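K.L.:
Show me how the following folds:
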Amino acid sequence: MGIILTPAYGYAVRTNTTNMAFIINSPVLFDTAGPLNDVDFEATGLRVQRSGVYHVQYTTSSFQSDSAGGSAAFVYLRVRVNGTPVAIQYQSRLELEPQSPGNNVIQHVIPQHGSLIVELDAGDLVEVVPDATNNSAYQTTYLQVIQIL
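P.N.:
Numbers count the residues shown, from 1 in each chain. The predicted structure follows:
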């Protein structure tokens, strides 16, 4: 690879603060694109238009609810490229164990984030996807890709 004077980069964000339920194996949704250079915005993520090594990071405001009945709330997030989990990345895990059984509902909004460096090919779609979830939703979220090589 030669020297890249202007790296590819992209930023996607969900600005809507209403709760959106996590759905297993369905990508987190975005509604707004930030600055983009050789990266295309899609509602489910960012598609790179230039092959290279990228720094990928995301944050979600995960909404956890300990609902009546005492079942645990959790969500495990992972970056996927073209629908395939990135093998070198561990899941970002967030769990809320029930405090006590009964009719009380305990709610938390907790930032959850992940970061990795990965080689991407032109046309690859980068998404944030829950591998497992229960009693969890998200509010605002962002995804960023920056080409470093």
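
K.L.:
So T6 sits against N37, correct?
P.N.:
Yes. The pair T6 and N37 qualifies as a contact (C-beta atoms under 8 Å) at a distance of 6.4 Å. From N, CA and C alone the C-beta is placed, and that goes for glycine too.

K.L.:
The two: which has the busier surroundings?
P.N.:
Neighbour totals were compared for T6 and N37, and N37 leads with 13 against 8 (other C-beta atoms under 10 Å).

K.L.:
and the more buried one, what does it touch?
P.N.:
Shown in contact with N37 (C-beta atoms under 8 Å, 6 or more residues apart in numbering): 6-10.

K.L.:
By neighbours, which of those wins?
P.N.:
If you count neighbours using other C-beta under 10 Å, the busiest of the contacts of N37 is G10, which has 25 neighbours.

K.L.:
For that residue, report the pLDDT, please.
P.N.:
At G10, the model reports a pLDDT of 99.

K.L.:
Can you tell me the SS state at it?
P.N.:
Of the three states, G10 takes strand under DSSP: H, G, I helix; E, B strand; the rest coil.

K.L.:
gap between the closest residue to V118 other than its chain neighbours and F41?
P.N.:
Computed as C-beta to C-beta, 6 or more residues apart in numbering, the closest residue to V118 that is not its neighbour in sequence is V86, at 5.6 Å. V86 is 20 Å from F41, where distance means C-beta to C-beta, to the nearest Å.
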